[in-house]
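*Asks:* A structural model of the following input is requested.
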Amino acid sequence: MGGLQYVGAGIGLGLAVIGAGMGIGKLAAGVAEGVARQPSAASQISAATNLPLFLLEGVAILAEVFCLLIVLLK
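*Replies:* Residues are numbered from 1 along each chain as shown. Below is the predicted model:
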């Protein structure tokens with residue numbers, strides 16, 4: 001049972017990174033579609049996209065930190 005925490009941390013980190021990557025991909029696809037439909041609003045669409053991108057990236061970084069804490073603070 002000693003190595004089970006490492007497996008859990010690895011699976012958790014993998015799921016967090018995959019989830020964040022999928023979220024960022026869907027958001028980028030929506031932005032690309034919005035700019036394609038309304039090229040004149042490209043700057044407004046891009047500006048409104050920054051905050052959700054930063055939040056998604058922050059969640060992925062926090063998940064990585066928590067997984068590292070699980071491994072390092074055994």
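*Asks:* mean confidence for the longest helix that the chain contains?
*Replies:* Taking DSSP state H as the criterion, the chain has its longest helix at helix 4-37. What helix 4-37 shows for mean pLDDT is 92.
*Asks:* by contact count, what packs against the following helix or strand past that helix?
*Replies:* Using DSSP states H and E, the helix or strand that follows helix 4-37 in sequence is helix 42-72. Contacts defined by 3 or more C-beta pairs under 8 Å, 6 or more residues apart in numbering; DSSP states H and E place helix 42-72 against helix 4-37. All C-beta spots, glycine's among them, are computed from the backbone N, C-alpha and C.
*Asks:* tell me the buried residues in the helix it packs on?
*Replies:* Ala9, Leu13, Ala16, Ala20, Gly23, Val31, Gly34, Val35 (16 or more other C-beta atoms under 10 Å).
*Asks:* hmm, who's touching stretch 64-74?
*Replies:* By C-beta atoms under 8 Å, 6 or more residues apart in numbering, the residues outside stretch 64-74 that reach it are Gln5, Tyr6, Gly8, Ala9, Gly10, Gly12, Leu13, Ala16, Val17.
*Asks:* tabulate the buried residues of helix 4-37 (CSV), appending distance to Phe54.
*Replies:* What follows is those, written out as CSV (distance: C-beta to C-beta, whole Å):
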residue, distance to Phe54
Ala9, 25
Leu13, 20
Ala16, 16
Ala20, 12
Gly23, 12
Val31, 14
Gly34, 18
Val35, 19
